[in-house]
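*Asks:* please work out how this folds:
(one chain, ligands or ions: 1)
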Amino acid sequence: MPDRAQAEPKPFFWIPLKGRPQKIAPRGHERFQGLSGWMELEIEVVSDYLYVGSGQLELRSVQGREQVYYAFARQNEALIIPGTSLKGAIRGVVEALSNSCVRIKARNERVPSRAHEGCEYKKGEQETLCPACRLFGTTGYRGRVHFADATPIEEVRPEIIKIADLWPPHQIQGRKFYQTKAFQKLDLKPAKNHRFLEAVPKGARFQTILFFENLLEEELGLLVRALGLDLHPEDPQRVVFAFPVKMGGAKPRCLGGVRFIPRRIRLLEGGPDLFSSLLTGGSSDEVKPLLARFLAREELLDQEAWKRFRQEARSKNEPCPREVY
Ligand SMILES: [Zn+2]
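*Replies:* Take a look at the predicted model:
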């Protein structure tokens, strides 16, 4: 392996684990309380490429040669970003921003803090859950946030790209997040310790729906921040893009930065009007004032983690390491 010390700057950062997650009893699903509805989101690829794997290897002619590659996720031929991938990516950010337990991690990573091991929920007992488990669920407790599979808004043309294989770092220092830097293209000649991916390029746009039920305003505040949005520092009426969210595979090669653009929010009124509100599709509220209202609620936010995230997760105009680091 090449010398790690002289490698290019690493494209990731750590959010340290500290103290204990704040756990309380989660809300039940028996009746409507708080905020329920859905948010229509546009997803725009802002890194050079996004790769969300289907788990399938396929064969295609690349520069006149049959080449095996890892295929992008599809449903009935159309490219999709599965709702589970979206949920995993957003959950990872929510966990970091709210000092929750660590569920989103690489398979070979161990949680170095006992206090941050995954919450468990046993019905009938006085169980408490961290903010992320209350929102996204855990064994025994169904989450209150779900994503539909994202579909392309217009035709998306995937490309075959080559990357060097990935070695994760051995030392775990907290929660690891990858940055959005410039992908360094490699030629398409087959090479040892390299692989081919089917990836969609920068500018590709998808759409999805985020469903939520029985949420508190501060839970929506946390969720909207985890989508990479924030209030303008000088004008709390304005909502701004704070950082791209990373998703899919080959994040260490700086793939997978996306921007979430909320296009519409529907809130279902609770109480006796619930039925009529379901039938009419709820009230369509102005997106920006609602987002600003949710973002003003910071009760569940770990300010230190948020500051660090905002600083480190922003798109960086730097090259991503091509090889092992
Ligand atoms: Zn938890």
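
*Asks:* Three-state assignment for C119, please.
*Replies:* In the three-state summary, C119 is assigned as coil, counting by DSSP: H, G, I helix; E, B strand; the rest coil.

*Asks:* C-terminal to the longest helix anywhere in the chain, what's the next element?
*Replies:* Looking across the chain with DSSP state H, the single longest helix is helix 83-97. Following helix 83-97 in sequence order, the next helix or strand is helix 131-136 (DSSP states H and E).

*Asks:* ok, and the closest non-adjacent residue to A191?
*Replies:* Distances taken as Cβ to Cβ, 6 or more residues apart in numbering place K162 nearest to A191, at 7.5 Å, with adjacent residues excluded. Any C-beta I mention is one placed from the backbone N, CA and C, and that applies to glycine too.

*Asks:* and for that neighbour, the neighbour number?
*Replies:* By other Cβ atoms under 10 Å, the residues close to K162 number 18.

*Asks:* how about R20?
*Replies:* Residues within reach of R20, counting by other Cβ under 10 Å, total 13.

*Asks:* okay but it is in contact with A115, surely?
*Replies:* Yes: at 4.3 Å, R20 counts as touching A115 under the criterion of Cβ atoms under 8 Å.

*Asks:* picking that back up, how far out from the middle of the chain is the longest helix of the chain?
*Replies:* 4 Å (Cα atoms, centre = their mean, to the nearest Å).

*Asks:* quick one: average pLDDT of that helix?
*Replies:* Helix 83-97 shows a mean pLDDT of 96 in the predicted model.

*Asks:* now do stretch 230-246
*Replies:* Averaging the model's pLDDT scores along stretch 230-246 yields 93.

*Asks:* pull up the residues of the stretch 1-150 of the chain that are close to the ion.
*Replies:* Proximity of the stretch 1-150 of the chain to the ion is confined to C101, C119, C130, C133 under the rule Cβ under 5 Å from the ion.

*Asks:* closest to L301 among those residues?
*Replies:* C130 (13.7 Å; Cβ to Cβ).

*Asks:* and the helices in this protein?
*Replies:* 83-97, 131-136, 217-226, 274-280, 287-295, 303-313.

*Asks:* can I get these in JSON lines with mean neighbour count?
*Replies:* Rendered in JSON lines, the data for the helices of the chain read as follows (neighbours: other Cβ atoms under 10 Å):
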{"stretch": "helix 83-97", "mean neighbour count": "22"}
{"stretch": "helix 131-136", "mean neighbour count": "28"}
{"stretch": "helix 217-226", "mean neighbour count": "23"}
{"stretch": "helix 274-280", "mean neighbour count": "12"}
{"stretch": "helix 287-295", "mean neighbour count": "18"}
{"stretch": "helix 303-313", "mean neighbour count": "16"}
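
*Asks:* the spatially closest residue to R310 that is not a sequence neighbour and the ion, how far apart?
*Replies:* Nearest residue to R310, sequence neighbours excluded (Cβ to Cβ, 6+ apart): A242, at 5.3 Å. Distance, A242 to the ion, using Cβ to the ion, to the nearest Å: 24 Å.

*Asks:* go ahead and confirm A242 touches D230.
*Replies:* Yes: shown here, A242 and D230 form a contact pair, counting by Cβ under 8 Å, at 4.0 Å.

*Asks:* what is in contact with these two at once?
*Replies:* Here A242 and D230 share the contacting residues R310, scored by Cβ atoms under 8 Å, 6 or more residues apart in numbering.

*Asks:* contacting residues for whichever residue of the stretch 201-325 of the chain sits closest to the ion?
*Replies:* Residue nearest to the ion within the stretch 201-325 of the chain: L300 (12.8 Å; Cβ to the ion). If a contact means Cβ under 8 Å, 6+ apart, then L300 has L97, S98, P131, E218, E219, G221, L222 as its contacts.
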